[in-house]
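**Q** Everything below, folded, please.
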Amino acid sequence: MKIPTTLKHKPVVVVENYEKVDGRLARNTDTQGLSLGLAQWNDRGKVDISAKVWRYTGEKWSRQSEELPLHRVLDLSILICRSLAHFQEAYRYEHLYDPQQPVIDRVALQGDAMTVAVCTDNERIHEDMKLFSQALNDDGELIGERLRTLSKILEDMGY
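**A** Next up is the predicted model:
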């Protein structure tokens, strides 16, 4: 299905077959495409690039489609990687984290640091940590394939 080009987000680079590769949801998803393009919130004279996840209900493009600035997409990638690294060693803790030290990492970004931490305000955090860990384990092959691909691309780019 073709991503619309008449809406406020203006696609420049697209993945129009995302429904075929959407992880465990492949071939059974409402996410039909991904795009990088000119953000819908652009003001006159100011241009931002955004990433967009395009969802289709079967009848129309969904209002649940999401658009994010590129730096947020990368910040989410950093969060994912730090979380994966934590869960590789989490078995050492009774509750898969140290309740006395819930901060996983502080990632330096632009003069400050993004604090990655276990959400201790979640009243069911012990149970949810186990469920999260199991889901990461179940999706290990899917996540690992994407991380290896990303690592290769970053290496090829000189990062």
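**Q** Surely residue 47 is in contact with residue 38?
**A** Yes: assessed by Cβ atoms under 8 Å, residue 47 is found in contact with residue 38 at 6.0 Å. Heads up, the C-betas are built off the backbone N, CA and C, glycines and all.
**Q** In terms of neighbours, single out the busier of these two.
**A** residue 38 (15 against 10; other Cβ atoms under 10 Å).
**Q** Please list all residues in contact with that one.
**A** When contacts are counted by Cβ atoms under 8 Å, 6 or more residues apart in numbering, residue 38 touches 9, 10, 12, 47, 48, 49, 50.
**Q** Select from those every entry located in strands.
**A** Judged by DSSP state E, the subset of the contacts of residue 38 located in strands is 10, 12, 49, 50.
**Q** Restricted to buried residues, select these in ChimeraX.
**A** To isolate the buried ones among these in ChimeraX, judged by 16 or more other Cβ atoms under 10 Å, type:
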select :10,50
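**Q** Let's have the ones in strands among the contacts of residue 38 in TSV, adding pLDDT.
**A** Shown next, in TSV, are the ones in strands among the contacts of residue 38 (pLDDT from 0 to 100):
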residue	pLDDT
10	89
12	91
49	91
50	93
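**Q** any chance of the ones in strands among the contacts of residue 38 in CSV, plus distance to residue 98?
**A** Compiled in CSV, the ones in strands among the contacts of residue 38 are given as follows (distance: Cβ to Cβ, whole Å):
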residue, distance to residue 98
10, 46
12, 44
49, 39
50, 37
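**Q** Of the ones in strands among the contacts of residue 38, just say which sits nearest to residue 22.
**A** When the ones in strands among the contacts of residue 38 are compared for distance to residue 22 (Cβ to Cβ), residue 50 wins out at 19.5 Å.
**Q** Assess the claim that that closest one and residue 8 are in contact.
**A** No: when contacts are counted by Cβ under 8 Å, residue 50 is not listed as touching residue 8 (10.3 Å).
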